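A.B. asks: got a structure for you, letters missing:
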């Protein structure tokens, strides 16, 4: 098996044993990016210093330094995260070329653990979207079908791992931006408990909902990344001071676990909706059967207030975003557009924001500004916060009946690029399954459970645990992953089309 | 309009917002050095900043714990209740000095609320000002408008922004509406700001130097037509940077509004800028009650929950209230209003108090501090307290009272102490300045002087007692000033009787 097809955990072992060097692993991934990313467009920026960093890690290892499990493993970083030495645009024209003077805490932790940043991945502008089509730099394409969306907002990170351009990546999840792309690309993604991973240096969309998390091809890899980036950060006041267990250990235990006896898995009635794509529901119920056959008790739980989740989310998110995005005014950093004939500072700010923000960003800024306005605050933002409390209560009640909750990760498989671009409401509804976890601050994991029979595209399951119980996700996720792969006899992503092959074929036939 | 005439027609209604910059080492939400820290010296523009102060993408605020402690202490000193849980909120508006285009402030859940401050007028009457709330917030950066005639943004070619001040911790103290001040309104305003300054200084939470903007007052003023029972439209006068200005600005604004109203005009609700040099206010931006700052709870910060133990710890550590302290000291020292005001106006209360504590009489302590020491300090443009210690002043006074020094000699000793020659008794020894109390030596000197001016004794005997002055002068000169002139006079008169 080639280096790019190995998991991060496998690469880590080979690096530790000296079988391969970080330079070799990194070069293999850079080559892969060069080969396929013209088609996939997962990356906005490839790190010119990647090989240099890899060589430095190899040198450390040669010098006998004790290194972490992922030392020398390349990783892709969502462009929402601030990185020294690499532009950080959040997919927006307004930040084109902006290189932050500091690393996000999670990036600093990756570097401290000797991971090798490969580059920055594409995303919907300021993480607003479910398809990556709202990137100012053009959409990312789904490796399973280049005409389809890779999900969003973190379509770049998901596509990068699904296309074997990176073994692992960082994402951020405000309403499903890690889990939904995982679902439609057949990869794994985790939105950790709110406050368990630092937000410092993550360009804010909605502060009370944003959470950075891992993107990978295996549950264990996600856990290994989570172990590196998680934990209290004094620079983020909302980060939790808890001591966290090793998620990698939980994943390894889960992978070995033969029986799920005693585990209660709750199916959220409201998220197992008849309107979902048939193949999605089918694979979801097959996964439930598989879990039941392993001894888990499957129970149905009801979360009556989830029906208001999308509405509440689309008040809270734009409200916070309208304020968070006010800083993009051309005065201190980023794009500056001087209106013809000059003008006041307000004129410059207006011209810059007009040119620098895309339509979805403008839509949400206007929505949020309106929702926070005097006279509307109580009716909109205030009511939405009440819904949030009700959803938290629904989760509490559900977790009294079940240890882990499950739902399909997304209502459909990957839709076609452009299909929902002019129908924002349809786009928003794609996150109906993932949004409740963000509103409640609980952790959620998306992992692949098969291909929908009708279109042959990946379907994902979402696992949700109570706040702070992220380890449950890794334990159960790893068990399910093993059960599925035993049943299939292969990993799901091994069934994805070989992009390099198709490119070669296309080149031969003169299409490229 | 004439001030008295204005008061005849209208009743002034006041309200104050005082911003206090806290002297913490770092800023409200970042670890950048605080330019308002105690002892901070002015820094080059945009050198005291971090990504947080610039509002760079991805940066997050973290609350300065010391600023919270200071705010609680201030709230307690203002007699406020301290909120069990208070919350930061975002005040959203676009302005280039506001890095994030929102200010982190407190809105509906301030840290302190419902207090009052006793304010004394110069004639000794006291007035209670009710405090509505005191809340924490961050300061904005500083804009310098270049190219315009007025230094204002209107007409400027370009503006420079210095974000050093961005994020300086502030407490904003908001009063309830103040009525009944009548003609004392200007003085009351000054006394109120002065009282706040005294409290802040006593707490040691800010340098409270108005000229540096550590303490800033925005004054809301409206006029209510007498007997109407209705409130007038208010203006908010900003940029009032000295106690004297507070008084003048209120007086000016009352007269200005009265003139407009009396002429049938209406007051525009707006901010007004005080101009120290010309003594007038000018229109700023219009301000309506409907200004929409789209406040919402700051999602990047947790509520501030100080806990009862901390509040009680800070309450127990509160210094005596400045107004109570002044009343106590004035009574203990037996000073007249005028004498006490003299000490206060010279800002020498602490020095006099410490000197008395060292054993000096209050009258002497006041006399030396507000007299000779203040004079020298004034000459050298330094603070009196920096010249000499209360301990040394007390020792000096003791030497005078024991008769070892005359006032004149004491001034020379003081000069030596200020010059760093050591404690008063060292200076006395080193300079040989002790009063000659040996009558024999004095009599010898008197005889010598009389020999030179033989007609003096006769003149005294003829009743021209003032003629003794010539001899006394000669003796004092011969003794190089180290004689008690009164004793010399006694001896001269005794000789005349012989």
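C.D. replies: Noted; the coordinates are in hand. Model, not experiment: these values are computed from the prediction. Residues are numbered from 1 along each chain as shown, chains lettered A, B, ... in the order given.
A.B. asks: can you list the weak-confidence ranges in chain A?
C.D. replies: For chain A, the stretches flagged by pLDDT under 70 are A:1, A:501-512.
A.B. asks: swap the cut-off to 50 and go again
C.D. replies: For chain A, applying pLDDT under 50 flags the ranges A:504-512.
A.B. asks: State the distance from the residue of it positioned farthest from its centre to chain B.
C.D. replies: Residue farthest from the centre of chain A, counting by C-alpha atoms, centre = their mean, is residue A:341 at 43.5 Å. Distance, residue A:341 to chain B, using C-beta to the nearest C-beta, to the nearest Å: 15 Å. For every residue, glycine as well, the C-beta is placed using N, CA and C.
A.B. asks: which SSE is that residue in?
C.D. replies: Under DSSP states H and E, no helix or strand contains residue A:341.
A.B. asks: With residue A:36 as the reference, measure out to it.
C.D. replies: 47 Å (C-beta to C-beta, to the nearest Å).
A.B. asks: can you check residue B:56 too?
C.D. replies: Residue B:56 is 34 Å from residue A:36, by C-beta to C-beta.
A.B. asks: For the residue in the stretch 51-200 of chain B positioned nearest to chain A, grab phi and psi.
C.D. replies: Of the residues in the stretch 51-200 of chain B, the one nearest chain A is residue B:101, at a distance of 3.5 Å by C-beta to the nearest C-beta. Dihedral pair for residue B:101: phi 60, psi 20, per degrees, to the nearest 10.
A.B. asks: How about it: what's its closest non-neighbour residue?
C.D. replies: Sequence neighbours aside, residue A:326 is the residue nearest to residue B:101 in space, at 3.5 Å (criterion: C-beta to C-beta, 6 or more residues apart in numbering or on different chains).
A.B. asks: For that neighbour, the count of nearby residues, please.
C.D. replies: 22 (other C-beta atoms under 10 Å in any protein chain shown).
A.B. asks: What distance do you get for it to residue B:99?
C.D. replies: Residue A:326 is 10 Å from residue B:99, by C-beta to C-beta.
A.B. asks: With residue B:124 instead?
C.D. replies: From residue B:124 to residue B:99 the distance is 47 Å (C-beta to C-beta).
A.B. asks: Over to residue B:65?
C.D. replies: Plainly put, residue B:65 is 22 Å away from residue B:99 if you go by C-beta to C-beta.
A.B. asks: The two: who's more crowded?
C.D. replies: residue B:99 (27 against 12).
A.B. asks: Please give me every residue in contact with the more buried one.
C.D. replies: By C-beta atoms under 8 Å, 6 or more residues apart in numbering or on different chains, the contact set of residue B:99 is A:327, A:332, B:53, B:54, B:55, B:141, B:163, B:166.
A.B. asks: how about a cut-off of 6 Å?
C.D. replies: Residues in contact with residue B:99 (C-beta atoms under 6 Å, 6 or more residues apart in numbering or on different chains) are B:54, B:55, B:166.
A.B. asks: and if you look at residue A:309?
C.D. replies: By C-beta under 6 Å, 6+ apart, the contact list for residue A:309 reads A:391, A:435, A:436, A:439.
A.B. asks: which other residues reach stretch A:239-255?
C.D. replies: Contacts of stretch A:239-255 (C-beta under 6 Å, 6+ apart): A:195-196, A:198, A:219-220, A:223-224, A:226-227, A:230, A:232-233, A:471, A:474-475, A:478-479, A:482.
A.B. asks: Kindly apply the preceding question to stretch A:427-438 instead.
C.D. replies: Residues outside stretch A:427-438 that contact it (C-beta under 6 Å, 6+ apart) are A:130, A:175-176, A:179-180, A:209, A:271, A:306, A:309-310, A:313, A:391, A:407-408, A:420, A:444, A:462, A:464.
A.B. asks: which ones among the residues you listed are found in helices?
C.D. replies: A:179, A:180, A:309, A:310, A:313, A:391 (DSSP state H).
A.B. asks: residue contacts, the fifth one?
C.D. replies: Pointing back at residue A:313 there. By C-beta under 6 Å, 6+ apart, residue A:313 lies in contact with A:175, A:435.
A.B. asks: and if you look at the fourth one?
C.D. replies: Applying C-beta under 6 Å, 6+ apart, one finds that residue A:310 lies in contact with A:432, A:435.
A.B. asks: Doesn't residue B:174 lie inside a strand?
C.D. replies: Yes. Under DSSP: H, G, I helix; E, B strand; the rest coil, residue B:174 sits within a strand.
A.B. asks: Show me what counts as buried in the helix or strand containing residue B:331.
C.D. replies: Taking DSSP H and E as the criterion, residue B:331 maps to helix B:322-333. Neighbour counts over helix B:322-333 (16 or more other C-beta atoms under 10 Å in any protein chain shown) mark B:322, B:323, B:326, B:327, B:329, B:330, B:333 as buried.
A.B. asks: immediately after that helix, which helix or strand?
C.D. replies: Following helix B:322-333 in sequence, per DSSP H and E, is helix B:337-345.
A.B. asks: could you check the angle helix B:322-333 makes with that following helix?
C.D. replies: Angle of helix B:337-345 versus helix B:322-333, following axes from the mean of the first three to the mean of the last three C-alpha atoms, to 10 degrees, is 130 degrees.
A.B. asks: so how far is helix B:337-345 off the chain centroid?
C.D. replies: From the chain centre to the centre of helix B:337-345 is a distance of 14 Å (C-alpha atoms, centre = their mean, to the nearest Å).
A.B. asks: can you list contacts of that helix?
C.D. replies: The contact list for helix B:337-345 (C-beta under 6 Å, 6+ apart) reads B:124, B:330, B:349, B:352, B:366, B:370.
A.B. asks: Please list the residues of the stretch 51-200 of chain A that sit near chain B.
C.D. replies: By C-beta under 6 Å from any C-beta of the partner chain, the part of the stretch 51-200 of chain A that sits against chain B consists of A:82, A:102, A:104, A:200.
A.B. asks: Could you save those as a markdown table and add columns showing neighbour count?
C.D. replies: Formatted as a markdown table, these follow (neighbours: other C-beta atoms under 10 Å in any protein chain shown):
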| residue | neighbour count |
| --- | --- |
| A:82 | 29 |
| A:102 | 18 |
| A:104 | 30 |
| A:200 | 26 |
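A.B. asks: Show me which of those is closest to chain B.
C.D. replies: residue A:82 (4.3 Å).
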